[in-house]
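Engineer: I would like to see how this sequence folds:
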Amino acid sequence: MNYFYFDRTNQKQGPVDEQQLKELVAQRVIGPNTPMETDTGHKGVAGQIPGLFAPASTPFAQTPHTVPVPSPANQQLFCTNCGQPVSEHAVACMSCGASPLGHRKFCRHCAAALNPEQVICTKCGAALVATPRHPDAVGSAATPQAKTLNTYFMWYWICLAAVIPTCGLAVIPAIVFMFLLLYQLWKIIPTDIARTTPGKAVGFCFIPFFNIYWVPFVALKGLGEDMNKVLQRYGIQYQANESLGLTVCILYYCTLLDCLITFGLVSVAYIVVTILFLKSVKDGAVILLEQEGA
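Structural biologist: Down below sits the predicted model:
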């Protein structure tokens with residue numbers, strides 16, 4: 001049997017066979033609550049496909065995709081439009097963009113539908129206490145895209161740290177990894193929020209004279225501002241440090257007179273602040289990707 005699945009933009013993808021489906025699950029592209037549809041027209045969620053996750057309590061073909069399987073937490077809010085889990089602070093569903101006003105909560109133990117205000121399941125008596133995610137817990141990303149972000153950032157700062165020992169030769173790979181990181185970060189931001197495209201964000205950095213404005217105010221500072229808008233939209237309690245973004249802009253222009261006045265000290269400060277700023281943006285992106293893949 002072949003299956004179709006719906007991504008976080010609610011676009012229908014596929015068809016995929018059972019082996020490809022397992023590979024997508026391993027890559028965390030598909031989770032237990034991902035809306036699915038068979039080639040015969042039956043709808044459900046991925047968690048109801050036998051053998052794909054834990055045993056499903058309801059056959060795949062008998063349940064519409066708006067009914068989620070029990071969540072891994074004791075309580076969870078779900079989008080009534082696509083069945084994907086959403087944060088209680090979200091203003092839009094990460095999967096389909098629907099309004100959260102129709103959120104529903106389900107008990108982990110018996111999957112009974114609950115009111116959002118309930119703290120105890122009236123059907124099985126289970127306590128409904130969710131485990132909040134701490135914004136600092138970003139080091140164990142499992143999604144491929146999150147791993148890519150962490151890898152690019154790691155090599156970016158390693159190359160910068162090696163600039164002096166290598167007599168400046170490490171500057172070139174540091175710049176390459178920085179632009180790779182910027183491109184991947186801009187790809188995460190939805191088009192209705194992003195002030196530019198990933199290609200323009202990186203490509204315009206190479207336009208002479210124009211890049212004096214573009215690099216600090218759009219490619220860097222603008223990235224942090226747009227990323228925070230995405231995090232706010234989906235109710236994620238983490239924000240990239242926009243103050244560092246403004247500091248990056250100031251230090252960027254100060255480096256133009258750096259050699260004449262401060263003998264390189266401002267350049268060092270600019271590099272350090274840029275690393276800290278990009279880390280804060282990268283951490284927000286990783287949290288977003290981890291929540292999407294959960």
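
Engineer: A helix includes Tyr5, no?
Structural biologist: No: according to DSSP: H, G, I helix; E, B strand; the rest coil, Tyr5 belongs to no helix; its state is strand.

Engineer: quick one: mean pLDDT for the host helix or strand of Val25?
Structural biologist: Element membership of Val25, judged by DSSP states H and E, is helix 18-26. For helix 18-26, mean pLDDT is 84.

Engineer: would you map the strands across the stretch 101-250 of the chain?
Structural biologist: 104-106, 113-114 (DSSP state E, counting those that start in this stretch).

Engineer: least reliable of the ones you listed by average pLDDT, please.
Structural biologist: What stands lowest among the strands of the stretch 101-250 of the chain, in mean pLDDT terms, is strand 104-106, with a mean of 51.

Engineer: before we move on, the earlier item: and the contacts of the helix holding Val25?
Structural biologist: Contact with helix 18-26 is made by Met1, Tyr3, Tyr5, Val16, Ile30, Gly31, Ala46, Ile49, Leu52, Phe53, as judged by CB atoms under 8 Å, 6 or more residues apart in numbering. Just so you know, the C-beta spots here come from the backbone N, C-alpha and C atoms, and that holds for glycine as well.

Engineer: contact partners for Arg195?
Structural biologist: Contacts of Arg195 (CB under 8 Å, 6+ apart): Val218, Gly222, Asp226.

Engineer: sketch out the low-pLDDT regions of the stretch 51-200 of the chain for me.
Structural biologist: Applying pLDDT under 70 to the stretch 51-200 of the chain flags residues 54-142.

Engineer: is it possible to export the contacts of Arg195 to CSV including neighbour count?
Structural biologist: Formatted as CSV, the contacts of Arg195 follow (neighbours: other CB atoms under 10 Å):
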residue, neighbour count
Val218, 19
Gly222, 19
Asp226, 23
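
Engineer: quick check, nearest of the residues you listed to Ile189?
Structural biologist: Nearest to Ile189 out of the contacts of Arg195 is Asp226 (CB to CB; 5.0 Å).

Engineer: contact partners for the closest one?
Structural biologist: Counting by CB under 8 Å, 6+ apart, the residues that Asp226 touches are Ile189, Ile193, Ala194, Arg195.

Engineer: can we see that at 6 Å?
Structural biologist: By CB atoms under 6 Å, 6 or more residues apart in numbering, the residues touching Asp226 are Ile189, Ile193, Ala194.

Engineer: once you drop chain neighbours, what's closest to the first one?
Structural biologist: Ranked by CB to CB, 6 or more residues apart in numbering and with sequence neighbours excluded, the top spatial neighbour of Ile189 is Asp226, at 5.0 Å.

Engineer: and the one you found, how far from Ile212?
Structural biologist: Computed as CB to CB, to the nearest Å, the Asp226 to Ile212 distance reads 21 Å.

Engineer: how about Asn33?
Structural biologist: For Asn33, the distance to Ile212 equals 47 Å [CB to CB].

Engineer: of those two, who's got more company?
Structural biologist: Asn33 (25 against 13; other CB atoms under 10 Å).

Engineer: and that one, that one's in a strand?
Structural biologist: No: counting by three-state DSSP, one finds Asn33 to be coil, located in no strand.

Engineer: I'd guessed it sits against Gln48; true?
Structural biologist: No: with contact defined as CB atoms under 6 Å, Asn33 does not count as touching Gln48 (9.9 Å).

Engineer: most surrounded residue in the contacts of Asp226?
Structural biologist: That'd be Ile189 among the contacts of Asp226, by other CB under 10 Å, with 22 neighbours.

Engineer: ranges for the helices of this protein?
Structural biologist: Secondary structure of the chain (DSSP state H): helices located at 18-26, 144-161, 171-188, 198-203, 211-214, 221-233, 242-254, 258-261, 265-293.
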